[in-house]
Structure formats: C-alpha cells, structure tokens
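Q: task: produce atomic coordinates for the following.
(chains A and B)
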Amino acid sequence: MRAFLRQLVPAFLMLAVFTVITGVVYPLVVTAVGQAAFKDKADGSLLKVDGVIVGSTLIGQTFAEPKYFHPRPSNAGKGYDGYASSGTNLGPTNPVLIDAVKQRVIDYRTENNLPATLPVPVDAVTSSASGLDPEISVANADLQAQRVATTRNLPLETVQKLITSNTVGRSLGMLNEPGVNVLTLNVALDQAK
Amino acid sequence: MSGSSLFFILALCAALAITVPPLGAYLAQVYDTTEGAKAPGDRVFRPIERLIYRLTRVDEKREQRWSTYTISLLAFSLMSLLAVYLFQRFQTHLPFNPTSATAVNPAGAFNVAVSFMTNTNWQWYSGEVAMSHLTQMVGLTVQNFVSAGAGMAVLVALIRGISRRGQRTLGNFWVDMTRSIVRVLIPLSLIFAVVLISRGVIQNFHGATTAHTIEGATQSIPGGPVASQEAIKQIGSNGGGFFNANSAHPFENPDGWSNFIELWAILAIPFGFALAYGRMVGDRRQGKLLITVMIVMWAAFSGVAVLAEGNGNPRLATVGVDQSISTTQAGGNMEGKDVRFGPAECGTWAGATTGTSNGSVNCMHDSFTPLGGLSTLSHMMLGEVSPGGLGVGLMGLLIHALLAVFIAGLMVGRTPEYLGKKVQAAEMKLVTIYILMMPIALLVFAAASVMLKSAQASILNPGAHGLSEVLYAYASAANNNGSAFAGLNAGTQWYTITQGIAMLIGRFGLIIPALAIGGSFVRKQRVPETSGTFPTHTALYGVLVLGVVVIVAGLTFFPALALGPIVEHLSL
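A: So this is what the prediction gives:
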C-alpha cells in the first residue's frame, strides 16, 4: 500500500503535465495550423449563397419540394438535425425496418412517376449511419431527374449535366464510392434558371 | 465489389506494406533504453523528455520490478479515472462550454471515466450534446494519449521480460509511457490532424452555426476541436467519437481520403509492434511470424464483413429494393451506411476496428447483415489480437503464443520453451488467468442482462438480434473495444455500471497477469537450443498459434453466437 501511495505523486504530476501538453497545447497548435491553412474547412465547409450561410457541403439537409433533389431518409432527430447525428440501428430482420422500407419504396415510385415493378436504389429507401449523409447515389439522382426537370421546366439534359458536375469521387483516385452532393446540386439548380 | 472499393482495399494494403516495416524499426529504437542507445529525433525529443522527468520528479535511470511497474500503472490509472470523472461532473462550472452541456450523472460519468482510462472509449452518450468542449479536450483527448501510451508501455515491459536474462527489472513505466507519447503518438497525431482538416474535418471552438436553408428552414451546424481528437482517436486505438455517429459523421470522416488515412492509422502501429518485437528480442523471424498470424485473421474477418455487406439484405430484395452493385450505386446493405463509404469500405473498417481495440465505426454495426455482425462480434471475441490495440494487442498474441508452446510441449512430452526461456507452472497459471478473464466478464454480465427484465428493456431489435446486441456490448467492454450494436440503450444504471466493471476487468485483469509473466520470465536464464527445441518461427508454429486463438474463443463463445447472429442468419 505504501508503494502505491508513493507512486501517486508521479501519477498526479504526469497526468498534470500531459493534460497541459496533449489537452491544451496539442489542440491549440492543431487549431492554429488548421485555421491558418484551411480556414473554410476547419470552420465546417460552410456554403454561402448571396452572403447567407445555407448549410455545410458536408452535412446533409432536408429537401421536400418536388423541384429539389431529395436526400436519403434520416434518423438524425426529426431529420438532418445537426446536433443529433444517428443511424436507426434497426437490425436486418427487424419488421420495423422492413415495413418502413416497403412504404418508402411505394412513395418513391409515386413521387417520381416510376413503374410499380421498378426496383428502387437501396440508398433512397434506407437511412444512413450518420443521419447527415450529404450524398445520394447516382442511380438515385438519375431516377429523380425527370421529376425535377418537369417541375422546373428545364430540359432533362441540363439536369443530368448538373448531376454529373455535382458527383463526388467518380475518379478512382478519390478513394470513395461515387455520390451526388444534394445541397450543391440543388443550389446549382436554383442558379440554372 | 465495385471497382472503386477494390482499388481502395488494394491501396490500403499497399500503404500498410510500405509503411509498417520502417515503423516497426522506429518503435524498436524508441524503446531501446540501454545506456548510450540512440533513436531518431533524439535532438528534438530528448529535451522535452528531460523537462517532463524533471517536472514529475521521475528518475529515468531507475528501473522497476514488475510489481512496481504495475503499481505505477495502477496509480496513474486511478488519477486518470478521478480527473475524467470530475471534469464531467463539474463541466457546467468550467469554461469552453458553448452548448451549455449539463453535468453528467454519477453512474454515467463513472462509465465514461473508466471507458477512456482503459482505452475502451465505449460511449453511451451523444458527444455533441453531453460533453463540453473542455471535457472533450482536457478530459477525453488527454486520456486518448495517455491510456494508449500506458498500453504501449505494458507491452514493452513484457517484451523485456522475454528478452532479458537473469535480471529483475522490466524498465520504468513512466519512461516507457512518456517515450510512447512524446516520440510516437504526438508527432503522428499532429501531422494526421492537419491532414484531416485538409479533407474537411472541423477544428474550431465555435458553438452552433445557424444555416438558413434554401427551402426556408434552419439547421444548426456543430463546431468543436474535432480533428485533434479524431487524429489521436485512430492512432491511439481509442475510438471514442466527438459526435454520436462517430467516424460516420461527415465532420469526423468527410470523404474517401479521410477514410483511407484513418484506417491506415488504426492498423499501422499495431502491426508495426509485431515487427518491432522481432527486433527487440533479436530474432526478426519471430516478429514476421506473429504479423503473419495477425494478417491471416484480419484478412479473413474483414473479408467476411465486406462480402456479407455487399451481398445485401435478402429481406429488402423482396420489397422492391435494388441492392445490386453497379457503376451508379455502391449497392449492398445500405441501412446504417453513408453513400461515400458503401458496403466495402464499411466492411473493411469493421474488420479493422474489431481486430484492434479501436472501436470507432464508420457505419452502424447494429444494422449489419447477420454474417457481417457475426464477423465483427467474433473478431472481438478472439481477444483483439489481429493486430490488436496499441501494445495490448501484441501482448494478447504473445500470451496465446505461450499457450501454443505449452500445448506443443505437452504433445512431445518436453518442458516447453519460448525463445530459450522455460515455460513453467507459474507462467502457465498466469496465462490461464489471462485467458479466462475476458470471457468471464463477457458471459456473466451478458447472461445477467438477458435475465433481468429492466436490462432487457434496453434492447432495440427483437428476437435473436436482441441477444446479439447484449453480447456485443459486453464483448466490446471486456475487450476494451468501444464499438457497439448501438440500438441497445446503454445509458441505464445497470449498463453503465456493469459495463464499467467489465472494462476494468478487461484492462487490468489482463495487464496484471501479463506483467507478472514478464516479471517471472525476466529472472530466467536462457537454456541452450538443442535439436529437440521446438522452433517458434516456422509455419507449423504459426498454424498452432492461430489454432489456439481460434479454438479457445470458439469453444468459449460458439454456443452464444449460435443463439445470436447464427440463428438470425438461418432465419433470413
């Protein structure tokens, strides 16, 4: 026991020293370098339209109007709540999941005027892990393109071109699965008028 | 598997193959504390270390026996526990709390303090809501460094026990921990954090930023010192996220590049330790053998997860969902996965995070297919030795390696030897204790949880999957992993307290016997090699070690797994 008590002194001092080094100096150095070198990214990749912050290109948000591309279902709060990141955690055999997906498939076909037998891209009817997924798959965007084009009286080709220009990670060197950034795509659509 | 994910996996393997050998060589030099030994970067690191020893009144030349070494570790862990507990309880009275996080309840704060002190980083709370920026920085981030440093120190002590002959001391805990943090963890984290920011991980001290969306709604976008925590979270095999969604959150892991380097960071040092071991015992073949065993298990379990998730969920196919893998979608089981990662990058991550003691997630394991879930759960149950957490992973594999020589010795009727040291009754008793601790913590608490009505109420998913949630929770705690089948509501008193106990058993119930083995070995002289000596660098021995790891875990956990993920898979 006395040996233990004797070690408490260096234990306390070590923890104090490393609290200063790794808990204060380290994050402050990283913040200083990050803010100096990559300010926009360190602040959250915020997207401004006419000087107003409309969101972050990395954080998904809700879009419900037909003239916009719609994101994936979200389990973050009531949907895309930036302070409630979360997946559903529903298991693969949970009837709650299967029933919800079944209904979303029907809704997705109706909304986009698709044949009743057409298989729906999986990302369109399942929730992401973060609940803040900023992207949808290209397949999902392609199926929504006609609806958006019709609502906006835009040629389909214009919408399809915007999908391509807002697709992230198509080249192999990007190391991620290709996806369409919903926010930047919708902002681009508004500006295409 | 899509083309881009195949490219991702091959690129990751290539990056590891290139970087792990030099990293292993560097680690071996970091821990060479013999008189006059030199290590790269001495000119920068020595002054910092000397200052730290002066401030903490540590005599770096004074070595410790295994018992003092252990006591130093325990004293340090107790201090850490108290500090993290108090920061949470008093965060309302402390600065850097822009979101007005309230004081964490006592049982919950105990759980978090144990969780970060033991390098588990199990999280029952949502980081963005429950913790102030101050608690995240000086409480949690600090533990990310020091708990990892302590784990590395313990391994080094065990290795010295194996390599030294006829001595009494294993090194100095304070020196080994300091060198781990100053020479390995801090430099790597500094570089890594800045790279993460360049990909979009945030690093600021803001509270919420309000965005006015183009549909006319508002959205609160969180701030915080995320990159600095994310870097050490991966490098130190910690895994505790700044946000609830952990590394699935776009501000922790924004794109394929960040995913790639974070995965590298989870795996590189644990693999590097295997090669460092070979150098430290003066026989590199030993390190190559152990790293091969690690790679075989890691590849097998990761592969199962990648393929199972890519195959998708047959139940969803019946309701009109297209899960095919094509050029326009990643396909597979996308519930609980973000588009930028898809099933292959999620499966790869799942294999890495459960084979180490990392426990961060980039997709939700609870929503995995039954086979994908089985892969992650059983990978932890192997004891996290493929390649395992920082230090403690190789420590676990060395214990299994001793068991393997013992079994081989029994078969031929000779006293077993490992690297010239006789493995006798005292060591084998300690090996047995080591091996029994984790399963006891896991199975006893899991069994109690499924029998208690109040604990059952925490389960989210019905049927066999619910049992998997409970098994996963205690497998994660008892192995100091920290990932979860997160549907389980682990914020109740029962779970916070029992998980806390399981984490303590999983940390100290293993480290103490391992250090005792080191203390016992260090006194022994080396017996000369003869034609009857069983060589421990051959493929035969590798298969034996692999067999021991798999059979010990299999015999212990197969019945429980059969009732959880295996039944669920058969019911698909």
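Q: just the helices in chain A please.
A: A:2-18, A:26-37, A:39-42, A:95-111, A:122-125, A:138-152, A:156-165, A:182-191 (DSSP state H).
Q: tabulate the ones you listed (a markdown table), appending mean pLDDT and mean neighbour count.
A: For glycine as for every other residue, the C-beta is placed from the backbone atoms N, C-alpha and C. Below are the helices of chain A laid out as a markdown table (pLDDT from 0 to 100; neighbours: other Cβ atoms under 10 Å in any protein chain shown):
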| stretch | mean pLDDT | mean neighbour count |
| --- | --- | --- |
| helix A:2-18 | 94 | 17 |
| helix A:26-37 | 97 | 18 |
| helix A:39-42 | 97 | 18 |
| helix A:95-111 | 97 | 17 |
| helix A:122-125 | 98 | 29 |
| helix A:138-152 | 97 | 20 |
| helix A:156-165 | 97 | 15 |
| helix A:182-191 | 97 | 20 |
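Q: want to throw those helices into a markdown table with distance to chain B?
A: Listed next are the helices of chain A as a markdown table, based on distance: least, Cβ to the nearest Cβ, whole Å:
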| stretch | distance to chain B |
| --- | --- |
| helix A:2-18 | 4 |
| helix A:26-37 | 4 |
| helix A:39-42 | 4 |
| helix A:95-111 | 4 |
| helix A:122-125 | 4 |
| helix A:138-152 | 4 |
| helix A:156-165 | 10 |
| helix A:182-191 | 6 |
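Q: which one of these lies closest to B:Gly389?
A: Counting by Cβ to Cβ, B:Gly389 lies closest to helix A:2-18 out of those; the figure is 19.0 Å.
Q: and that closest one, how far from the chain's centre?
A: Offset of helix A:2-18 from its chain centre (Cα atoms, centre = their mean, to the nearest Å): 45 Å.
Q: nearest to chain B within chain A, name that residue for me.
A: Closest to chain B within chain A is A:Asn176: 2.7 Å, counting by Cβ to the nearest Cβ.
Q: so who does that residue touch?
A: If you count contacts by Cβ atoms under 8 Å, 6 or more residues apart in numbering or on different chains, A:Asn176 has them with A:Val168, A:Gly169, B:Ser4, B:Phe8, B:Asp255, B:Gly256, B:Trp257, B:Asn259, B:Arg340, B:Phe341, B:Glu345.
Q: which ones among the residues you listed are found in strands?
A: Within the contacts of A:Asn176, residues falling in strands by DSSP state E are A:Val168.
Q: which residues sit against stretch B:72-86?
A: For stretch B:72-86, contacts defined as Cβ under 8 Å, 6+ apart pick out A:4, A:7-8, A:10-12, A:14-15, A:19, B:64, B:109-110, B:112-114, B:116-118, B:139-140, B:142-143, B:146-147, B:150, B:153-154, B:173-174, B:177, B:507-508, B:511, B:515.
Q: go again with 7 Å.
A: A:4, A:7-8, A:11-12, A:14-15, B:64, B:109-110, B:112-114, B:116-117, B:139, B:143, B:146, B:150, B:154, B:173-174, B:511 (Cβ atoms under 7 Å, 6 or more residues apart in numbering or on different chains).
Q: equivalent analysis for stretch B:130-143, please.
A: By Cβ under 7 Å, 6+ apart, stretch B:130-143 touches A:18-19, A:22-24, A:27, B:80, B:83-84, B:87-88, B:91, B:94-98, B:101, B:104, B:116-117, B:127, B:205, B:224-225, B:228-229, B:232, B:240, B:242.
Q: got the end-to-end distance for stretch A:111-123?
A: Start-to-end span of stretch A:111-123 (Cα to Cα, to the nearest Å) is 16 Å.
Q: for that stretch, which positions count as buried?
A: By 16 or more other Cβ atoms under 10 Å in any protein chain shown, the buried positions in stretch A:111-123 come out as A:Asn112, A:Leu114, A:Val120, A:Pro121, A:Val122, A:Asp123.
Q: let me know the closest of those to B:Ile440.
A: The shortest approach to B:Ile440 among the buried residues of stretch A:111-123 belongs to A:Val122, at 41.0 Å (Cβ to Cβ).
Q: I'd guessed that closest one sits against B:Gly331; true?
A: Yes - judged on Cβ atoms under 7 Å, A:Val122 makes contact with B:Gly331 at a distance of 6.3 Å.
Q: now do the shared contacts for these two.
A: Common contacts of A:Val122 and B:Gly331 (Cβ under 7 Å, 6+ apart): B:Gln323.
Q: starting at the chain centroid, how far to stretch B:335-355?
A: Offset of stretch B:335-355 from its chain centre (Cα atoms, centre = their mean): 16 Å.
Q: quick one: mean pLDDT for that stretch?
A: Mean pLDDT, computed over stretch B:335-355, is 96.
Q: next, see if it gets close to chain A.
A: Yes - contact of stretch B:335-355 with chain A (Cβ under 7 Å from any Cβ of the partner chain) involves B:Glu335, B:Gly336, B:Lys337, B:Asp338, B:Val339, B:Arg340, B:Phe341, B:Gly342.
Q: take these and keep only those in helices.
A: Among the residues of stretch B:335-355 next to chain A, the residues falling in helices (DSSP H) are B:Gly342.
Q: got CSV for the residues of stretch B:335-355 next to chain A, with neighbour count too?
A: Listed next are the residues of stretch B:335-355 next to chain A as CSV, based on neighbours: other Cβ atoms under 10 Å in any protein chain shown:
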residue, neighbour count
B:Glu335, 33
B:Gly336, 31
B:Lys337, 32
B:Asp338, 34
B:Val339, 29
B:Arg340, 30
B:Phe341, 30
B:Gly342, 32
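Q: just confirm B:Gly331 is within a strand.
A: No - with DSSP: H, G, I helix; E, B strand; the rest coil as the criterion, B:Gly331 is coil rather than part of a strand.
Q: wouldn't it be in contact with B:Ile325 here?
A: Yes - here B:Gly331 reaches B:Ile325: they are 3.9 Å apart, a contact under Cβ under 7 Å.
Q: more neighbours, these two?
A: B:Gly331 (27 against 19; other Cβ atoms under 10 Å in any protein chain shown).
Q: what's that one in contact with, if anything?
A: A:Val122, B:Gly312, B:Gln323, B:Ser324, B:Ile325.
Q: the last one is in contact with B:Ser4, isn't it?
A: By that I understand B:Ile325. No - here B:Ile325 lies out of contact with B:Ser4, judged by Cβ under 7 Å, at a distance of 10.6 Å.
Q: re the thing from before, so which of the contacts of stretch B:130-143 sit within helices?
A: A:18, A:27, B:80, B:83-84, B:87-88, B:116-117, B:127, B:228-229, B:232.
Q: would a markdown table of those residues with distance to B:Leu398 be doable?
A: Below are the ones in helices among the contacts of stretch B:130-143 laid out as a markdown table (distance: Cβ to Cβ, whole Å):
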| residue | distance to B:Leu398 |
| --- | --- |
| A:Phe18 | 27 |
| A:Pro27 | 35 |
| B:Ser80 | 25 |
| B:Ala83 | 31 |
| B:Val84 | 30 |
| B:Phe87 | 35 |
| B:Gln88 | 35 |
| B:Phe116 | 26 |
| B:Met117 | 23 |
| B:Gly127 | 34 |
| B:Ser228 | 33 |
| B:Gln229 | 30 |
| B:Ile232 | 25 |
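Q: which of these sit farthest apart?
A: Pairwise over the ones in helices among the contacts of stretch B:130-143, using Cβ to Cβ, the maximum falls at A:Phe18 and B:Gly127, 21.4 Å.
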